[in-house]
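Engineer: only geometry, no sequence info:
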């Protein structure tokens, strides 16, 4: 695949994940997007578990391709090389998530591991954004900081309702808060991929110009 195609995979991964959150809940009778978490779609005995896992596998393959694309477009940029490594780490962790139980069931080790995976994934997402932003200018860095503010704000709101899941108590807006955070990250990936494509196009033009200049200079020396 070309570098551009690999970077487009990052955009496609975000679009796919958003579509998963729109359409897969339709197969879960009684599921409420505003008041239930994304993880409940892949919970043990959830009617949407199989579909979610299959779609998530396609998503992670697209992210893996994107990570390789970031690596190939780094061109010696240390921040981008680190970001690509973090994306691959994100892929490895997300190849398998220990599933949680549906509400009303006694939590077990797999529920604890699920929370651990979620925390590790969130940390990787923030590191990816930090190093990705470091490779670009002020505007992109400010945009990334704004995304961090969204993460922290709605992360706190998620934390206020999260304990009620295990207790099978109401969580009226946890799904909304969580999806705002997810949407913010997916949008950031799209913007990041587009910025990388512009950067790659700029570098390619410079390389062509440099080659043409070298050929011209070489011809002048011969004459």
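Structural biologist: Now that the structure is in, tell me what you want to look at. Owing to the predicted nature of the structure, the values given are computational and were not obtained by experimental measurement. Numbering: from 1, shown residues only.
Engineer: from now on I want contacts and neighbour counts done on CA atoms only, so please keep to that.
Structural biologist: OK.
Engineer: which stretches of the protein have low pLDDT?
Structural biologist: Applying pLDDT under 70 to the chain flags the ranges 202-223.
Engineer: which is the succeeding secondary structure element to the helix or strand that contains residue 56?
Structural biologist: Under the criterion of DSSP states H and E, residue 56 resides in helix 49-72. As assigned by DSSP H and E, the chain's next helix or strand after helix 49-72 is helix 78-94.
Engineer: got a list of contacts for the helix holding residue 56?
Structural biologist: When contacts are taken as CA atoms under 8 Å, 6 or more residues apart in numbering, the neighbours of helix 49-72 outside the stretch itself are 3-4, 6-10, 12-13, 16-17, 20, 24, 41-43, 80-81, 83-85, 87-88, 91, 94-95, 196.
Engineer: just the buried residues out of the residues you listed, in ChimeraX syntax.
Structural biologist: A single ChimeraX command is used to select the members of these judged buried by 16 or more other CA atoms under 10 Å:
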select :3,4,6,7,8,9,10,12,13,16,17,20,24,41,42,43,80,81,83,84,85,87,88,91,94,196
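Engineer: I'd say residue 21 and residue 39 touch.
Structural biologist: No - counting by CA atoms under 8 Å, residue 21 does not reach residue 39; the two are 10.5 Å apart.
Engineer: ok, these two, which is more surrounded?
Structural biologist: Counting neighbours by other CA atoms under 10 Å for residue 21 and for residue 39 shows that residue 39 has the greater number, 18 against 15.
Engineer: I figured that one hits residue 98, correct?
Structural biologist: No - taking CA under 8 Å as the definition, residue 39 is not a contact partner of residue 98, at 10.2 Å.
Engineer: please enumerate the helices of this structure.
Structural biologist: In the chain, helices defined by DSSP state H lie at 3-23, 49-72, 78-94, 109-134, 138-161, 163-166, 174-222, listed in chain order.
Engineer: dump these to CSV, plus distance to residue 102.
Structural biologist: Compiled in CSV, those are given as follows (distance: least, CA to CA, whole Å):
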stretch, distance to residue 102
helix 3-23, 18
helix 49-72, 11
helix 78-94, 20
helix 109-134, 10
helix 138-161, 16
helix 163-166, 9
helix 174-222, 15
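Engineer: for residue 32, find the nearest of those helices.
Structural biologist: Set against residue 32 and scored by CA to CA, the helices of the chain come closest in helix 174-222, at 7.9 Å.
Engineer: wait, residue 45 touches residue 102, no?
Structural biologist: Yes - in this structure, residue 45 is within contact of residue 102 by CA under 8 Å, at 7.3 Å.
Engineer: quick one: which of those two has more around it?
Structural biologist: Higher neighbour count among residue 45 and residue 102: residue 102, with 20 against 14, using other CA under 10 Å.
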